[in-house]
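Visitor: Task: produce atomic coordinates for the following.
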Amino acid sequence: MRNSPQLITYADRLAGDLQGVLQLLNGPFAGAFGGVHILPFFDPIDGADAGFDPRDHTSVDQRLGTWSDIADISAHFDVMADLIVNHVSSNSAQFQNWIQLGHESQWDEMFLTLSSVFPHGASEEDLAKIYRPRPGLPFTTTTMRDGTDRLVWTTFTSDQIDIDVESQSGSAYLDSILNAFASGGVNLVRLDAVGYAIKRPGTTCFMLPETYEFIEQLAERCRSHSMEVLLEIHGFYEDQISIAKQVDLVYDFALPPLVLDAIYTADTNPLKEWITIRPTNCITVLDTHDGIGVIDVGAHPNDPTRPGLLSPERINQLVNEIARRSSGESTRATGAAASNLDLYQVNCTYLDALGNDVNSYILARLIQVLLPGVPQVYYVGLLGGRNDLILLDETRVGRDINRHYYTPQEILSALDTPLVEQMLNLLRWRAEHPAFGGDFELIADSPQHQLHLRWTRANPLAEITAVIDLADLRFSISDRVGDVEVTTTSFKSDADH
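Guide: Prediction:
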């Protein structure tokens, strides 16, 4: 994988189709990105969960293009695709065949039911232990063709049927997707919702010891196709550190709330603590197609005696401040206010979470690109997008507040703004500067309201020393390449270097 920023985007919501994505990467975004994570482009892209409930996980939605278009992008950029591990659409051919034929179906073992996990029945205590990202129990009644009712396991929505990944048919299903990815030019695989994939009676059915074993095995299957693996999991920070040892890449989901907290409070101590212990084989993000994680900085969900990176009081202050700075819009899109309930995320654009303050936003992005890892930038965040209340009102899906459909004219208008100009200049600097291939240092004796970060490389000689002040929202970068040293205080094109 290239050590340069990645774009994360839906093809249809940014560029219309896959060819449009390539045109943007080679055109106005040129030099800013070395890779792109194309969010689900499978058939269909407009199911119950914006493509994360594929009917056919091995085919490209024809409205976006073909596998040849994916290969065209991968000829110039790293391409990441989602392997949706935990579930499949209720409209998939496999599930519909099972409804029709029941035990006679070749897919009979592929789908999890209450009885397949609890063959001897489940007690109230058993059911209460099950961890789910939304309220209620993870079961949906399905009527078979013969008239019998089955309780199928649905961790997320009733349209997303959980797979028994340990069954022969479930395993073969996952292998068929990996084969399609490899043939299509995908070289990075994001394991979506894998933390829920293994179920055992009497447990939380989330991130079990057996889950870690399964992730390790699945990662090896991906690597056998020459594809690196990114793990997507929201959870306790120590679990993130542990699981990072088993895969090529993990998300730094603790970073977005910690950066917000540091800007809100001008107290960098929790962020500094995380910087000293976080995995470095990570994808750094501030925003994604999902919300801003809260569980990632909180106490262990099953053991409150294991504290998180932020105290419960400070997390409450964080959530309330997001709501205040977004004029209550995050509250409209989060929890019981929206149908797509997320217990552990706040739905809001990152710019709105910062009150549409450009200085704060660029400062946050600077922290992101300076930390070890590969920075990934969401298309809405790249273009300085604001909360899409119209789409939220249309769909009543909380995360749609940050999933805008851009018109070509909106993209052109965004490219002319100072924010996007600075974003692209920052990303090109991150992509090109040789110091980022060297050694990173957090200078520990900096004041509470400041971050002092340094990158050094001996060959070729390069150094970056950044002083970021969260009290007055300013930064200064001493930037050296060879014998040439400049001081940077802005990423505007007309900045005085």
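Visitor: what ranges do the strands span in the stretch 1-150 of the chain?
Guide: 6-9, 35-38, 42-43, 56-60, 78-84, 87-89, 139-143, 149-153 (DSSP state E, counting those that start in this stretch).
Visitor: And stretch 393-405, what's buried?
Guide: Thr395, Val397, Gly398, Arg399, Asp400, Ile401, Asn402, Arg403, His404 (16 or more other C-beta atoms under 10 Å). C-beta: built from backbone N, CA, C; applies to glycine.
Visitor: end-to-end on that stretch?
Guide: For stretch 393-405, the first-to-last residue distance is 14 Å (C-alpha to C-alpha, to the nearest Å).
Visitor: Report the rounded mean pLDDT for that stretch.
Guide: Confidence for stretch 393-405, expressed as mean pLDDT, is 94.
Visitor: ok, now stretch 200-207?
Guide: For stretch 200-207, mean pLDDT is 94.
Visitor: now do stretch 378-385
Guide: Summarised as a single mean, pLDDT over stretch 378-385 is 98.
Visitor: what sits up against it?
Guide: Residues external to stretch 378-385 that are found in contact with it (C-beta atoms under 8 Å, 6 or more residues apart in numbering): 7-10, 13-14, 29, 285-289, 349-351, 361, 402-404, 406, 410-411, 414-415, 417, 419-420, 423.
Visitor: Show the buried residues in those residues.
Guide: Neighbour counting by 16+ other C-beta under 10 Å classes 7-10, 13-14, 29, 285-289, 349-351, 361, 402-404, 406, 411, 414, 419-420, 423 among these as buried.
Visitor: low pLDDT regions in this protein?
Guide: Low-confidence segments of the chain (pLDDT under 70): 335-343, 494-497.
Visitor: As a quick check, tell me the outermost residue of it.
Guide: Distance from the C-alpha centroid of the chain, by C-alpha atoms, centre = their mean, peaks at Asp146 (40.9 Å).
Visitor: I figured it was touching Gly102, is that so?
Guide: Yes - using C-beta atoms under 8 Å, Asp146 makes contact with Gly102 at a distance of 6.5 Å.
Visitor: quick one on the thing from earlier: show me the buried ones among the contacts of stretch 378-385 that map onto strands.
Guide: Applying DSSP state E to the buried ones among the contacts of stretch 378-385, the entries found in strands are Leu7, Ile8, Thr9.
Visitor: partners of the second one in the sheet?
Guide: Beta bridges link Ile8 to His37, Tyr378, judged by DSSP bridges.
Visitor: follow-up on the earlier one: please convert the ones in strands among the buried ones among the contacts of stretch 378-385 to a markdown table, extending it with distance to Gly136.
Guide: Listed next are those as a markdown table, based on distance: C-beta to C-beta, whole Å:
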| residue | distance to Gly136 |
| --- | --- |
| Leu7 | 35 |
| Ile8 | 30 |
| Thr9 | 32 |
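Visitor: closest to Ile161 among those residues?
Guide: Distance to Ile161 across those (C-beta to C-beta) is lowest for Ile8, with 26.1 Å.
Visitor: Was I right to think that closest one contacts Leu39?
Guide: Yes - in this structure, Ile8 is within contact of Leu39 by C-beta under 8 Å, at 6.8 Å.
Visitor: what sits in contact with each of these two?
Guide: His289.
Visitor: give the contact list for Thr288.
Guide: Per C-beta under 8 Å, 6+ apart, neighbours of Thr288: Ile8, Gln376, Tyr378.
Visitor: Thr349 versus the residue farthest from the centre of the chain, what's the distance?
Guide: 48 Å (C-beta to C-beta, to the nearest Å).
Visitor: now do Ile243
Guide: 28 Å.
Visitor: show me where the stretch 351-497 of the chain has helices.
Guide: According to DSSP state H, counting those that start in this stretch, the stretch 351-497 of the chain carries its helices in the segments 358-370, 379-382, 389-395, 408-415, 418-432.
Visitor: if we compare these, which one ends up closest to Ser224?
Guide: Closest approach to Ser224 among those (C-beta to C-beta): helix 418-432, 29.9 Å.
Visitor: Give me the contacts around the closest one.
Guide: 4-5, 28-29, 31-34, 351, 358, 361-362, 365-366, 369, 375, 377, 382-384, 414-415, 436, 490-493.
Visitor: filter the residues you listed to the buried ones?
Guide: 4-5, 29, 32-34, 351, 358, 361-362, 365-366, 369, 375, 377, 382-384, 414, 436, 490-491.
Visitor: what does the domain assignment say about this protein?
Guide: Domain segmentation of the chain under automatic domain parsing yields 6-84+168-435, 93-161, 438-488.
Visitor: which residues of the stretch 201-350 of the chain fall in strands?
Guide: 228-231, 249-252, 282-284, 292-293, 345-346.
Visitor: still on that earlier bit, and the gap between the residue farthest from the centre of the chain and Trp107?
Guide: Here Asp146 is placed at a distance of 16 Å from Trp107 (C-beta to C-beta).
Visitor: Gly47 reaches Ser92, doesn't it?
Guide: No - the criterion here is C-beta under 8 Å, and Gly47 misses it with Ser92 at 10.1 Å.
Visitor: who touches both of these two?
Guide: Shared contacts of Gly47 and Ser92, defined by C-beta under 8 Å, 6+ apart, are found at Pro54, Arg55.
Visitor: report the longest helix in the protein, please.
Guide: Longest among the helix segments of the chain by residue count, using DSSP state H, is helix 168-184.
Visitor: what comes up buried for it?
Guide: Ser169, Gly170, Ser171, Tyr173, Leu174, Ile177, Leu178, Ala180, Phe181, Ala182, Gly184.
Visitor: Done for today, thanks.
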